[in-house]
Each structure stands twice: as C-alpha cells, then as structure tokens.
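>>> Take this sequence and fold it.
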Amino acid sequence: MELKERLDKIKQKVESDSFYNQQSLGGELNFHIFDYNPEDELIIRNYIKDFIKSYSYANSKIKPVEFDLFEMIIEILSNKKVGNSNILDMSFVVEEDEGTDELFDSLNPILSPNAFVELIKQRTGDCNLVLLTGVGKAYPLVRSHTILNNLHSVLDKIPVIMFYPGRYDQKDLKLFNNGNSFAGLKDDNYYRAFKLVES
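I've put the predicted structure just below:
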C-alpha cells in the first residue's frame, strides 16, 4: 500500500467510535504504531502538522497533542541545572572532552523514561489523542519501547499513536528499516501496541 493511501486511513481510524472504545480491543492498551520508511520522514512531519491543524477548531471531538521525543530531550536537559549551567550546554563540553559514550552514560539517569512520562502526563490536559514523534531523532538517547512500556501507567484510557521510522510487525521494532537494503537497528520487542495501518 502506498504511503499516501496509508496516511489517508489514519483519519478514518481515529474518527471511528471504536477507536476510543477499549472494550473493542479486548481490554488491551489503546496504543498504536504507524511505521513508515525513514526516507519519508519529512512527509510524515508535514502530515502530522496538517493532521493536528485539521482538528484545531472549537468543539472538535478529537483533540490531538504531539510530543516530539527529541524536543523533550532538549527541554529536559535545558531545564536541569548544575550551578549556573544547564545540562544541555554542559553536554557539548562532556562530549568533546570525554567522548560520546561517556556523554550517553552521564545522560542516562537524567533522560529516564519517567522524565518523559511525567511531562506527557502533565501536558496531555483535556486532549484525547497522544501522538509520539521524533523517535529517530531521539535515538539512541531515548528508546521508543521504554517510553511505551512506562506510558501505560499514566495513559491507560487515552489512545496513543507512535510514528515510527522503521518497521513494526506487532512483535519487533526495527528502527530505520527501509524495507529494502537496510534491515534496521533492533530497537526491541514490543507486543502491546497495534499496527495502526497495515503496510
């Protein structure tokens, strides 16, 4: 199925009453993954902007909110200070002096899944559809499956759609898999999300 056709089906899905009815999912989490070829990243970003704008009118039944994981990394590191400096600024110095591996090790405790989950919980407000984006930009500082694994504790009633640059077969997440020459990076196993639209 062509990407445009798959994208057109997203609105059909989210506008159906059954999309918000967890009983129709057999009690499973209302988490969905829309996987796509990483080469189509800019198309997806533009689509998401248009998607959110299309529901921005008063009294819209659907109220989406986007959380870009990479933008959240920037915010978390900018807001965390040591003395007069924020962690984001210090990160450049650490990487230059001690290398990328040392930087990642030092950022792991700060960029815990809970830091992201708390921000999402605080900012979901009266929105009834959460869109997770920026997965490829955030890798490897943030792994998508760890966010999903921790998010269910705070968003057990609100549908979540993760836009994933790679392949998801309802078992394995393969980041940056382009369906052709590159098999992707094994992100991890994740069984609890539905594939939003088949490829």
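>>> okay but Leu132 is in contact with Ile161, surely?
Yes: the pair Leu132 and Ile161 passes the contact test of Cβ atoms under 8 Å, sitting 7.1 Å apart. The C-beta positions use only the backbone N, C-alpha and C, and glycine is treated the same way.
>>> Surely Ser106 forms part of a helix?
Yes: judged by DSSP: H, G, I helix; E, B strand; the rest coil, Ser106 forms part of a helix.
>>> That one touches Val94, doesn't it?
Yes: under the criterion of Cβ under 8 Å, Ser106 makes contact with Val94 at 6.1 Å.
>>> residue ranges with poor pLDDT in the protein?
Regions of the chain meeting the criterion pLDDT under 70 cover residues 22-27, 187-189.
>>> on contacts alone, who are the packing partners of the longest helix along it?
Longest helix of the chain, by residue count under DSSP state H: helix 41-54. When contacts are defined as 3 or more Cβ pairs under 8 Å, 6 or more residues apart in numbering; DSSP states H and E, helix 41-54 packs onto helix 3-14, strand 64-68, strand 129-133, strand 160-168.
>>> Tell me which of the ones you listed is the most buried.
Ranked by mean neighbour count, those are led by strand 160-168 with a mean of 25 (mean count of other Cβ atoms under 10 Å).
>>> what lines up beside it in the sheet?
strand 31-36 (parallel), strand 129-133 (parallel), strand 172-175 (antiparallel) (DSSP bridges).
>>> outside of the first one, which residues touch it?
Read it as strand 31-36. 3, 6, 10, 13, 44, 148, 151-152, 159-168, 173, 192-197, 199 (Cβ atoms under 8 Å, 6 or more residues apart in numbering).
>>> And for stretch 47-66?
Contacts for stretch 47-66 (Cβ under 8 Å, 6+ apart): 7, 10-11, 14-15, 123-133, 163.
>>> Can you measure across that stretch, start residue to end residue?
12 Å (Cα to Cα, to the nearest Å).
>>> How about stretch 152-165?
21 Å.
>>> Kindly reformat the helices and strands packed on helix 41-54 as TSV and extend each row with distance to Pro140.
Shown next, in TSV, are the helices and strands packed on helix 41-54 (distance: least, Cβ to Cβ, whole Å):
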stretch	distance to Pro140
helix 3-14	26
strand 64-68	17
strand 129-133	17
strand 160-168	13
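>>> for the ones you listed, which one sits closest to Phe182?
Closest to Phe182 of the helices and strands packed on helix 41-54 is strand 160-168 (Cβ to Cβ; 9.5 Å).
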